[in-house]
Each structure stands twice: as structure tokens, then as C-alpha cells.
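Enquirer: pasting the structure only:
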């Protein structure tokens, strides 16, 4: 009898995740029990900021915001790099009962203005490195944090009057903690409201998966305006009593990464595959070898990681590489490979559900048998209630408490999830459905290949509308690939095609390969498929 492809995992270890209820009390236990322990290590001088000091700064910001006329449940924007200002502003606004919407500082001012207007933010907090804010449609409040080596810390925040505004924020309440924007262009990015309960469940799930505690430390690689960096690196570390080093200027730098890791005696870090590839490519020159801090694990999330890179990373860094899976609508993590002592590591999978239930369903919403591909659905305390200002999107994506992820995958008999692609990315070649992610994984395994992007090429004969998800335009059907070759390698298109023919079905083999020097990526480090399509498909 077929076993339905659904799985859930409960914490059966002795480890207990931190008891938090959201952003408001995230620091409370550490302030009581370990007030002088490092919470953050700040900027180029690597100055430590204790839990007691961080909480005092957050309380100061909360007090100042509470005297501005903002009401509990109001939305405020936050435009800041991965600096102390981001952390203090986030926690301070939460303690004032406000809902924080982090925004990418690299977005053009016009896009920032559009997002703030559509949301209905009543003000926006900005860090010291942010410029070009004159066109923003709401009051701009600069915030600065100064931390001295002597141990003193102070915050400067310029506030003013707040206007009444219209927007989707009218749907928020003081139970909400965050509004995160999904990846996408301004006109397509969706606004995801996350409650304090969502935040607490996500943080507890991450902590439980990796058994994070006061002895752990990490370097902030991923931006905090996306769930990956926010939940996995920052909030989980602070809730569990660990330490987070914030790189100089608040941005990842491969050139200083290993010095930062050594400075904080890091025990783990999390990044997207593109950054793992960068670190791997530079490891011969920059990885400190025996002088590197011993790592418990390395984590990869937000995009597929090919198995060849995973094996190379494990050999180089001497630590298990744990793949994880999540999305904004599930408050980041929904599944992860376990620590080696807690379960098997299955290369090619993203592990088991973490605090949620995962099932794989067919087009009619029926559970697929084990090993059968279908759409991945997620249910549990981390799942958002819907989108702000988008009833149609909410009705389609959120069904009876289940989140339709739009991802294709399968569950094995042990409850491990393997992803096979995105429904909307499928290429229909004469009736054969091709997952570009699968082809990219094969291409990345070719000796000499650093990265690959697979896309649909317009074709009048093979093109056909997809039956699932968002259809590709009429007439698209052949397979193209843009391939980045590692520096110093001489592999050519013909050799890459021969490699593919030995490992792919005939209809999956690219019809066209272009050798390129680099591929476009999104702000959070994933492959920018729209840019790839626009650049290479015509």
C-alpha cells in the first residue's frame, strides 16, 4: 500500500530551544542569566556589545519611539545594512509595539518609496550608511549607535511628527512583529505579515535543529532584510545566547570573512550557494586551514546547492554541510538536514521538517506516495496568515492553513524532502517537462564548471504552455544554459555537452551553451532567473 508523502518531526533530543514569545522578549533570558556575555561584535574594530548593553539600547529606542505619536501595531520601515543600528532599531521598535518592515538598502529610492507607500508605513528608520532618502514619502528618522572599547554604548535617534497614512498596514495589529517583502520586482513583491508567534516558532525551530547555545558564534553573511539572515543568523543566535559578528560596513566580504570567523571564534555560518562557491574558489589562497576555528557545521539555504560543491566544501572546511529549506511565507526555515549525531545526512535532500508538517501533493491536492514528485505544502506555527493587500494571492497560496510553496519535490520513507525545482520555472519541450534546477545541478558537477543557469529558448515547434503553475510564454521550448567556468580551467561547450549527454535524458540536454564570466544574482544571493532569461534567451 502506498504511504502518503507527508512528514513531521518532533524534537526528541534533550536540547530545549529558548522559551521566547517573539521579538519583545528575545533577549530577556540572556540579560538575566548572562548580562555581560557578548551579543554582538561590531564593525571593523570588532568591538563587543553585551546582552545587557544591547537591551539597554533597544529600550532607549523603544522609549523614544513611544513618545512620537506612533500607536501599537503601526508599521515602520527599516533601511539599514547588517550593522548594530539594524539590530537596535528592530528590537527597539518591537518593544514599542510597532511592526517593522526591513527593506533592502540597495534598492533605488523610487522602489523604496513605492514599498513604503503601498505598505502604509508611518515613518522609516535609516542607518548611517543609507543615502538618497529625500524622495521617501514618509518621515525619515536617522539612527546611529556608538559602541566604545571601554564598554559604553549610546544611541542617537532623530524623530519628528508622524502623519496619518493609508495602506495595507491597516490590516496589522500589535500581535504582528514583521512585514517581509518576498523576492521580486517592486510591482510583484508580496508583503508577508509575521506575528510574534511566527517569529518565536521559527527561532525555536532553528535553534532546536542545530542545538544552538551560549557557546556558539557566527558571522552575519546574509542580509537581515531577508528571512535567511534575519531568522537563522541573527535572531536564533541572540535567543540562544550566542554571538553574532557584524562585518565592517554591514556587508559580507570574502576578503575579510575568515579573519572575522577567527575573531569571533565562530562555530558555524549560513549562506547561499553562490557565497559558498566564492569561499570555495578562494579557499586555496585564503582559507586559514589549521588556524581556522573548528566548525560544528556549515549551513546552506535559499537556493539549491549541488552535491559536488557540498562534498568539496565539507572536505575543505572539515565540517558537515547541512542543506536547509524555507521561504518568507514560512518565516524562513521549514526543513533542514539534522546534525550528524541526530540523523543521517542525505546529499541532494534538504532534510526533515523542523517544527512544521510537510506534505507533497498532486495537482488535485491529494497526497503523493513516497518518492513521487508533487508540489510541496507546509503547515504549522511558522506559516503566515496570508499576504497584505492581496486577497487573490492569499486565497491561492494559503489553503486551510497550508502554504502552497510552488516548489516541486518528493519525500522519502524517512521523511526527508528532496526538491526538484519550481513549478513556474518548468520548461515544456514538446510535452516533456524539464526542471532547470535539475539540469543546473548536473552542469555544476562537470569538472571545471563553477555555476550554471538554465533557461527556456523561444521555439515555434517545441514550445507549449505548462500545465502547472505560471505558464511560460507561448513558443518557448528549447533548453539553453549559461555556464561559468572556473578561473584557470579550459573546459569548453563541446566537453560540457558530452558530460550532459552521459547524465541527462536526451530531451533535457541543453540545445545551446553559452560560456559567460558571471551570472546575475538577487539581493539575497539566489540566481536571478528573470535577468538570465532577459540576457541570454533572445
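Expert: Perfect, I can see it now. Keep in mind that what you see is a predicted model, and the values were worked out from it rather than measured. Numbering: from 1, shown residues only.

Enquirer: can we go C-alpha only for contacts and neighbour counts from here?
Expert: Noted.

Enquirer: quick check: the closest residue to residue 233 other than its chain neighbours vs residue 334, distance?
Expert: Closest residue in space to residue 233, ignoring its immediate chain neighbours: residue 220 at 6.2 Å, by Cα to Cα, 6 or more residues apart in numbering. Relative to residue 334, residue 220 is positioned 21 Å away (Cα to Cα, to the nearest Å).

Enquirer: residues near the residue nearest to residue 233, how many?
Expert: Other residues near residue 220 come to 27 when the count uses other Cα atoms under 10 Å.

Enquirer: cool, residue 54 as well?
Expert: Considering only other Cα under 10 Å, residue 54 is surrounded by 24 other residues.

Enquirer: that's a strand at it, yeah?
Expert: No. Residue 54: not assigned to a strand; according to DSSP: H, G, I helix; E, B strand; the rest coil it is helix.

Enquirer: centre of the chain to the helix or strand harbouring residue 236, how far?
Expert: For residue 236, the element it lies in under DSSP states H and E is helix 236-239. The chain centroid and the centroid of helix 236-239 are separated by 16 Å under Cα atoms, centre = their mean, to the nearest Å.

Enquirer: helices of this structure, residue ranges please.
Expert: For the chain, the helices defined by DSSP state H occupy 28-33, 51-66, 84-95, 109-119, 196-210, 227, 236-239, 254-264, 273-286, 307-317, 391-397, 436-444, 493-501, 529-536.

Enquirer: tell me the buried residues in the fourth one?
Expert: Put plainly, it is helix 109-119. Judged by neighbour count (16 or more other Cα atoms under 10 Å), helix 109-119 contains these buried residues: 109, 111, 112, 113, 115, 116, 117, 119.

Enquirer: dump the residues you listed to TSV, plus pLDDT and distance to residue 322.
Expert: Listed next are these as TSV, based on pLDDT from 0 to 100; distance: Cα to Cα, whole Å:
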residue	pLDDT	distance to residue 322
109	88	37
111	89	35
112	92	34
113	93	38
115	95	34
116	95	36
117	95	39
119	97	35
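
Enquirer: identify, from those, the entry nearest to residue 385.
Expert: Nearest to residue 385 among the buried residues of helix 109-119 is residue 119, at 16.5 Å by Cα to Cα.

Enquirer: so the closest one sits against residue 172, correct?
Expert: No. Counting by Cα atoms under 8 Å, residue 119 does not reach residue 172; the two are 10.2 Å apart.

Enquirer: hey, what's in contact with both of the two?
Expert: residue 75 (Cα atoms under 8 Å, 6 or more residues apart in numbering).

Enquirer: in a markdown table: the helices of the chain, plus distance to residue 369.
Expert: Formatted as a markdown table, those follow (distance: least, Cα to Cα, whole Å):
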| stretch | distance to residue 369 |
| --- | --- |
| helix 28-33 | 44 |
| helix 51-66 | 48 |
| helix 84-95 | 43 |
| helix 109-119 | 41 |
| helix 196-210 | 26 |
| helix 227 | 31 |
| helix 236-239 | 34 |
| helix 254-264 | 43 |
| helix 273-286 | 30 |
| helix 307-317 | 25 |
| helix 391-397 | 22 |
| helix 436-444 | 21 |
| helix 493-501 | 30 |
| helix 529-536 | 31 |
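
Enquirer: what's the closest of the ones you listed to residue 14?
Expert: helix 196-210 (9.8 Å).

Enquirer: quick one: low-confidence parts of the stretch 1-150 of the chain?
Expert: 1-13 (pLDDT under 70).

Enquirer: I'd say the residue nearest to residue 233 and residue 246 touch.
Expert: Yes. The pair residue 220 / residue 246 is scored as a contact, 5.6 Å apart, by Cα under 8 Å.

Enquirer: which residue sits closest to residue 500, ignoring its sequence neighbours?
Expert: Using Cα to Cα, 6+ apart, the nearest residue to residue 500 is residue 509, at 6.1 Å.

Enquirer: what about that neighbour, how many residues nearby?
Expert: Count around residue 509 with other Cα under 10 Å applied: 23.

Enquirer: hang on, the earlier thing: phi, psi for the residue nearest to residue 233 please.
Expert: phi -70, psi 100 (degrees, to the nearest 10).

Enquirer: give me the pLDDT value at it.
Expert: Listed pLDDT for residue 220 reads 97.

Enquirer: contacting residues for it?
Expert: 82, 229, 233, 234, 244, 245, 246, 247, 252, 269.

Enquirer: gap between it and residue 248?
Expert: Distance from residue 220 to residue 248, by Cα to Cα: 10 Å.

Enquirer: and residue 373, by the same measure?
Expert: Taken as Cα to Cα, the span from residue 373 to residue 248 is 44 Å.

Enquirer: what is the mean pLDDT for stretch 251-258?
Expert: The model assigns stretch 251-258 a mean pLDDT of 94.

Enquirer: tell me how far that stretch lies from the chain's centre.
Expert: 18 Å.

Enquirer: list the buried residues in that stretch.
Expert: Buried residues in stretch 251-258, defined by neighbour count with 16+ other Cα under 10 Å: 251, 252, 254, 257, 258.

Enquirer: equivalent analysis for stretch 117-136, please.
Expert: Buried residues in stretch 117-136 (16+ other Cα under 10 Å): 117, 119, 120, 121, 122, 123, 124, 125, 126, 127, 133, 136.

Enquirer: just checking, residue 457 touches residue 479?
Expert: Yes. Between residue 457 and residue 479 a contact is recorded at 5.8 Å, counting by Cα under 8 Å.

Enquirer: domain assignment for this protein?
Expert: 6-411, 426-536 (automatic domain parsing).

Enquirer: so which of those is nearest residue 420?
Expert: domain 6-411 (5.1 Å).

Enquirer: perfect, that will be all.
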